[in-house]
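S.K.: please work out how this folds:
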Amino acid sequence: MKKTIASFIVVITACILTSGNVSAQKLKLIPGEHTIYAPAIANGLCVHNMFQSNMVIQRDKPIMLRGWADPGEKVNVFFAGQKQTATASKSRKWKVTLPAMPANENGQVMKIAGKSNTLNLENILLGDVWVVGGQSNMQQPLSSVENGGLEVASANFPNLRILTVPALIDNKTKNEFPGLFRHESGRHHREGDWDVCSPKTVPNFSAIGYVFARRLHMAANVPIGVIDISRFGTTIEAWTPLEIIKQDKSKSVQALLADWEKQVSKWDGKKDLERRVNGYNARVKGLKAQGKKIPANLTLPTDLKPGPEMNQNYPGNCYASILSPIAGFPVKGAIFHQGFNNARPDADTFYYQLFPKMIESWRAAIGDPNMPFGIISLCTDGVPQSLDNYVEKMDNAGIYIREAQYKTFLDYHKAGDKNVGYASSYDLRRNWYHPMLKIPAGERIARWALNTQYGMNRNIHWKPAMVTKMEAGNGQITLHFDSEVDSITEGAIEGFAIAGKDKQFQPATAELLVTGKDSRNRLTLNRKVIVLTSPHVTEPVHFRYAWGRNPMGNLQHRSTSHRDIPFATQRSDSWAPVSRETGVEVHHRSRSEKLKQIDQQRLLKDAQILIEANKK
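M.R.: Residues are numbered from 1 along each chain as shown. Now for the predicted structure:
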C-alpha cells in the first residue's frame, strides 16, 4: 500500500504537498472514515485539484485555470502551444484563461511555472466532461451491480477518465477539494484524483456514471471525463443553494426551513455528549454484568458532534460542499439520479417545486444556462404491484417523486429546452430500494445524450411516448399518443388505472383503438390511441399509469428501434395523496387496511362477473 500511495502522489497531485497543511479540523469532519493525504491548497505554487495529470479538459470552451502561489508571484501556464501569465494576489490566488481547443486524444503536458517551482501535469486529453450526481443509487459502485464484474473486466478505455469529488460535507461553501482515502462499508478507495479508466480503477466508481461515459466514448469516439459528485442518503434540498431555497415562499419549502431552524435552535452539543456518555456507561455496565468482553471499538465518547447545520441534508450543504468545488469549470453536461430520501408526505408538492430550481442552480454554477441535464427517475422499492394489491400499492410517496421528475422534464420540453432529458427506471425491478440493475439505466440516459448532444438522432432514440390528448366520456377514457405504442410482450397492456369523481382508482383494461377490419376480416388498430375502461368505474374522469413504487406497467414504443423506452409514470389528475384525502384514515395502518378492502372488494366482484359469464 505504501508504494501505491507514493505513486499516486507523484503522478496525480498538482500541489506541492506538505504534511503541515492537513489540518486536524478537516481530518475530523468524518472521524474514522477518511484520511486526507493531499491538501486542497498547499504551500507555495499549486493549482486547483480539478487540474491534474490524466484529466480531461472540456473541448471547445475556454480553459479556466486557477491556483495559488506566493503573493505577487508571477505564474506562467503553457499548454498546447499557448501561454498565459498571471500574478498571484495578496490572498495567493491566481487564474488564467486559455483559448478553447478542439478534441484531442493525444496526451499533452501542461506546465505551470513559478519563480522557483514548476508543475508538470501529464497525459491531459481534450474531450467532453460530464458530471454525475444524486444519491446512493447513482453512487453505487460498478463492482457491486448485476453484471458489474463483466464491466470491470472490460473497462480498458485509456481515453476515458474518472474522478470522484470527496464528500466532506458541512455548511461552508468550498472552492476546492483535497485528495483522500475513504474507509467505509468495508471498502477502501481514493477520491479527489483523476484516473485513467481500467479494470483496476473503476470497481469503486459510480456504475451508472461509468456505463454512461463508456457508451458516449465508444459511440462519439472522443475522450470522455466523468466526475462523480453523488452522495448516499441525500435530498434535493441538500443539492440546491440555501439562498435559492429561502427565496421559495411555497408552503412545503417554508415548512422544511422552519423544521431545520427548530432543530438548530434546540441543539445542545454538551447534552448530546452527555447522552452518549450515559449510553456508553450503560452498555459497559451491561456487558460486565453478563461477563462479556468489552469490544475494542467501544470507546468512551469525548467529542462534541456537529449540530444539525452540519448535517449533509441541511438545505444547501451538498451543493456548497461537493458541487461548489467544481463550479466555474466548463463541462459538457450532467445526469442526476435521486429521490429516495425525499419520499415524504409532502412529496407531491415539495419535489416538483424545488427540482427545477436545483437544475438551474447547477447550470448557473457551471456557467452555462443551457447545460444539458439528464434525469433518471426514482427506481423501484418494495413488493411488486399486482392486481391483488393494486390500490394498496398506489399509496406511496415515492410515486410522487417519480411523477415530479417527469413533470419537470415535460415543462422544460414544452418550453423548448431540448437540453433536458429523461429516462425511466421503474421497470428495472427489484424489491430493494438499491436495485442493482444499473447498467440499463446508464445506457438509457446515454441514449438521450448521444441523440441530442452528439447528433445521433437517426439511429438512437430516447424520448418516451407522450400523451397528446385525453378524452373522457361514454364510460371510458381515450388517450392519444405522439407515436405508436404497445406492451413489451405484445400481450395485454398493464399499468393503467382510472377513477371517477369519487377519486377511487381501479386498474383499467387498456386496449388499442379498433378502427375496423381489413380485407381478410382482421381487426385494424390505431396504435396511437388507447381506450381505458373498468367495470368498477362507470364514469371515469382521470387516469394514472405505473402508479406504484414497484409498479405494474409494460407500455413502450411499438417500433423495435424505440424498445426499452418505457411510458413514464404520470397522471391526469392533481388530487392530493390518499393519505390527505378526506374520508380516508390518516393513520398508515388504518389507511392500508382500507385500501386492502378496496382491492378485495374489486377481486370479489371480478370473480362474480367471471362466474356469471361462465354460466352463459
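
S.K.: sketch out the low-pLDDT regions of the protein for me.
M.R.: 1-33, 184-188, 579-589, 616 (pLDDT under 70).

S.K.: what are the ranges of the helices in it?
M.R.: With helices called from DSSP state H, the chain shows them at 2-12, 24-27, 136-139, 148-153, 207-220, 242-247, 251-266, 269-289, 317-318, 347-366, 397-414, 439-453, 588-615.

S.K.: okay, those in JSON lines with distance to A113 next?
M.R.: All C-beta atoms are positioned from the backbone trio N, CA, C, and that covers glycine. Formatted as JSON lines, the helices of the chain follow (distance: least, Cβ to Cβ, whole Å):
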{"stretch": "helix 2-12", "distance to A113": "19"}
{"stretch": "helix 24-27", "distance to A113": "29"}
{"stretch": "helix 136-139", "distance to A113": "38"}
{"stretch": "helix 148-153", "distance to A113": "39"}
{"stretch": "helix 207-220", "distance to A113": "32"}
{"stretch": "helix 242-247", "distance to A113": "39"}
{"stretch": "helix 251-266", "distance to A113": "47"}
{"stretch": "helix 269-289", "distance to A113": "47"}
{"stretch": "helix 317-318", "distance to A113": "36"}
{"stretch": "helix 347-366", "distance to A113": "29"}
{"stretch": "helix 397-414", "distance to A113": "45"}
{"stretch": "helix 439-453", "distance to A113": "36"}
{"stretch": "helix 588-615", "distance to A113": "65"}
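
S.K.: list the contacts of the residue sitting nearest the centre point of the chain.
M.R.: Geometric centre of the chain, nearest residue: H337, 2.0 Å, by Cα atoms, centre = their mean. Counting by Cβ atoms under 8 Å, 6 or more residues apart in numbering, H337 touches 132-135, 137-138, 208, 230, 376, 379, 425, 441.

S.K.: thinking again about what came up before, tabulate the helices of the chain (JSON lines), appending distance to R527 and mean neighbour count.
M.R.: JSON lines is the format used below for the helices of the chain (distance: least, Cβ to Cβ, whole Å; neighbours: other Cβ atoms under 10 Å):
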{"stretch": "helix 2-12", "distance to R527": "54", "mean neighbour count": "12"}
{"stretch": "helix 24-27", "distance to R527": "60", "mean neighbour count": "11"}
{"stretch": "helix 136-139", "distance to R527": "33", "mean neighbour count": "23"}
{"stretch": "helix 148-153", "distance to R527": "36", "mean neighbour count": "16"}
{"stretch": "helix 207-220", "distance to R527": "29", "mean neighbour count": "24"}
{"stretch": "helix 242-247", "distance to R527": "44", "mean neighbour count": "16"}
{"stretch": "helix 251-266", "distance to R527": "40", "mean neighbour count": "14"}
{"stretch": "helix 269-289", "distance to R527": "62", "mean neighbour count": "12"}
{"stretch": "helix 317-318", "distance to R527": "44", "mean neighbour count": "26"}
{"stretch": "helix 347-366", "distance to R527": "31", "mean neighbour count": "21"}
{"stretch": "helix 397-414", "distance to R527": "22", "mean neighbour count": "21"}
{"stretch": "helix 439-453", "distance to R527": "22", "mean neighbour count": "22"}
{"stretch": "helix 588-615", "distance to R527": "27", "mean neighbour count": "12"}
